[in-house]
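> pasting a predicted model and its sequence here:
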Amino acid sequence: MAKKNIIIVLVFGSFILMHSCTKPVKACFDVEIIEGSGQVNFDASCTENSFLYEWDFGNGVIETTWEPMVSQEYEPGTYTVLLRVERKDGSNRKDEPELRKTLIID
């Protein structure tokens, strides 16, 4: 009987430890438009607790990377950029894992 109690305590303790270590994910990115060139630099370093970045640049290009900084070339126009982020283990707790921004390229 004592053996069952120890196993239950260990399993319960592991669940508490795993649950408390999962921090919320919050997508965030900054945009730098290089005037006259069509180049746009994106920096998601401000994203909290993220390890995987999936960018939909709104121009038909989708990129998944471990790096928070990426660049993209654009023709003049209006684009909606979407950033989705995940933790390295694939979980995101559905807190704020997406962020959209509209770009206007002259």
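Looks like it came in fine.
> so what strands line up beside the helix or strand hosting residue 53?
With secondary structure defined by DSSP states H and E, residue 53 is part of strand 52-56. Note on strand 52-56: by DSSP bridges, its sheet partners are strand 62-65 (antiparallel), strand 77-86 (antiparallel).
> for the ones you listed, give me CSV that also has mean neighbour count and mean pLDDT.
Yep, even glycine has a C-beta here, placed from its N, CA and C like the rest. Shown next, in CSV, are the strands paired with strand 52-56 (neighbours: other Cβ atoms under 10 Å; pLDDT from 0 to 100):
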stretch, mean neighbour count, mean pLDDT
strand 62-65, 12, 95
strand 77-86, 17, 94
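> just send those strands back as TSV, with distance to residue 106 too.
TSV is the format used below for the strands paired with strand 52-56 (distance: least, Cβ to Cβ, whole Å):
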stretch	distance to residue 106
strand 62-65	24
strand 77-86	9
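> closest one to residue 35 among those strands?
strand 77-86 (15.3 Å; Cβ to Cβ).
> what sits up against the closest one?
25, 27, 29, 31, 42, 44, 47, 50-59, 92, 97-105 (Cβ atoms under 8 Å, 6 or more residues apart in numbering).
> contacts made by the following helix or strand past that strand with the rest, please.
Using DSSP H and E, the helix or strand that directly follows strand 77-86 along the chain is strand 98-105. With contacts defined as Cβ under 8 Å, 6+ apart, strand 98-105 is touched by 27-29, 31, 33, 38, 40, 58, 74-85.
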